[in-house]
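Peer 1: model the structure of this input:
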Amino acid sequence: MALSSETIAKFSRVSTATLTTQLFKRGLRNVFIQDVRRMSAASGNLVGEAFTLRYIPAREDLDQLSVFENPEHPQRKAVETVPPCQVLVMDCRRDARAASGGNILLMRLKVRGVAGVVTDGGLRDSEAIGKMDFPVYGAGGSAPLNLAIHHAVDLNVPIGCGGVAVFPGDVIVGDGEGVVVIPRHLAESVAGDALEQDMLEQFVLLEIEKGRALPGTYPPNADTLARYRAWREKRDSS
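Peer 2: As a prediction, this is how the structure comes out:
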């Protein structure tokens, strides 16, 4: 079952820092994709379920330009088959020596209604990507085409991206800090608890700005929580 619009809205309002804390509380520590940053001009959160593409090292006798003439080539097929509102997540073995895509493929994904792209490899046309209003996360600019280093092999299978396991259907959330992977079965509970945590931390920040010391404020004790509930009730009623 697809993510509900309510759950998507919650994820669009919370930070990846909050989400990593919520997942830590649930025993999950390796959920933040490493060495990947936002490369486009999109400012809102990236939210969507993962559709995966896996690369292995390239081999010279197989990876020739002619392979792109075949619509079944896994990279090109991925671009044409990622469902709208999902996120294309690519496993490049954390190797950014070559691009895993460029602005033409990304534009096609945007036009098709895909939520965004995450890769632990490089991306070519990075200056053009930097102007796109489309969520794109990668390991940096890299001019060589993917065939120089990468051989695309599998679609929608479990992968590793930036050292994190990603299963098809996992929820991907990205912001200005990076990208978090959330197991699909935890999505609804994590979204609700993360939104509540973010609101509590907004209040805590106001308290710190007023001069309150950390002990008893962060983490909040019973008195701070009582003030928070009063603040929340007043805010909700206004």
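
Peer 1: quick one, what contacts residue 167?
Peer 2: 50, 52, 158, 183-184 (CB atoms under 8 Å, 6 or more residues apart in numbering). Yep, even glycine has a C-beta here, placed from its N, CA and C like the rest.

Peer 1: how about the CA coordinates for the helix or strand bottoming out on mean pLDDT in the chain, as PDB?
Peer 2: The helix or strand of the chain with the lowest confidence, counting by mean pLDDT, DSSP states H and E, is helix 222-237 at a mean of 94. Taking Å, rounded to 0.1, in the frame of the first residue of the first chain, the C-alpha atoms of helix 222-237 are listed here in PDB:
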ATOM      1  CA  ALA A 222       8.400  17.300  34.100                       C
ATOM      2  CA  ASP A 223       8.200  21.000  34.600                       C
ATOM      3  CA  THR A 224       9.400  21.700  31.000                       C
ATOM      4  CA  LEU A 225       7.000  19.200  29.600                       C
ATOM      5  CA  ALA A 226       4.200  20.900  31.500                       C
ATOM      6  CA  ARG A 227       5.100  24.300  30.000                       C
ATOM      7  CA  TYR A 228       5.300  22.700  26.600                       C
ATOM      8  CA  ARG A 229       1.800  21.300  26.900                       C
ATOM      9  CA  ALA A 230       0.500  24.700  27.900                       C
ATOM     10  CA  TRP A 231       2.400  26.300  25.000                       C
ATOM     11  CA  ARG A 232       1.100  23.700  22.600                       C
ATOM     12  CA  GLU A 233      -2.500  24.100  23.800                       C
ATOM     13  CA  LYS A 234      -2.400  27.900  23.400                       C
ATOM     14  CA  ARG A 235      -0.800  27.500  19.900                       C
ATOM     15  CA  ASP A 236      -3.300  25.000  18.800                       C
ATOM     16  CA  SER A 237      -6.300  27.100  19.900                       C
END
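
Peer 1: now it: buried residues?
Peer 2: 224, 227-228, 231 (16 or more other CB atoms under 10 Å).
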